[in-house]
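Undergrad: build the 3D model from these lines:
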Amino acid sequence: MNKTIHTVIRQGLLVPLLLSPAVVLGDPVETLARAMDIHQQALAEEHGWAVTEPLMEEARAALEAGDPEQAQMLADRALLVAEQSLKQAQSEKTAWKTRVVGR
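TA: Below is the predicted model of the structure:
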């Protein structure tokens, strides 16, 4: 049986998944919606990363081109980037003081 190795991020860890080509990792539309929501939260905290929107656009283009696997991969990357930008936005609320003031 032909297997494909996919990797996903779960709780900050890169986890390899062996999947047959027929297995769908998720719904790229749903993943894109989650990525957009989290990206909007990061933007609201003035910390959205510039790479998030282009990844979402690429995922949408892959969907329109009829490539759901590529769309899911790109949507997963966009979601990860959005989550990390929000995480950084939240940590920077106090972390900057350590770098600037040293406390």
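Undergrad: after the helix or strand in which Leu55 is found, next one along is what?
TA: Secondary structure from DSSP states H and E places Leu55 in helix 52-64. Downstream of helix 52-64, the first helix or strand assigned by DSSP H and E is helix 68-100.
Undergrad: any stretches of this structure with poor pLDDT?
TA: Counting by pLDDT under 70, the chain contains low-confidence residues at 1-25, 103.
Undergrad: let's see that with 80 instead.
TA: Residues of the chain meeting the criterion pLDDT under 80: 1-26, 96-97, 102-103.
Undergrad: what residues of stretch 63-73 count as buried?
TA: Leu63, Pro68, Glu69, Gln70, Ala71, Gln72, Met73 (16 or more other Cβ atoms under 10 Å). Just so you know, the C-beta spots here come from the backbone N, C-alpha and C atoms, and that holds for glycine as well.
Undergrad: how far away is Gln84 from Asp76?
TA: 13 Å (Cβ to Cβ, to the nearest Å).
Undergrad: who has more neighbours out of the two?
TA: When neighbours are counted by other Cβ atoms under 10 Å, Gln84 and Asp76 differ, and Asp76 comes out ahead with 22 against 16.
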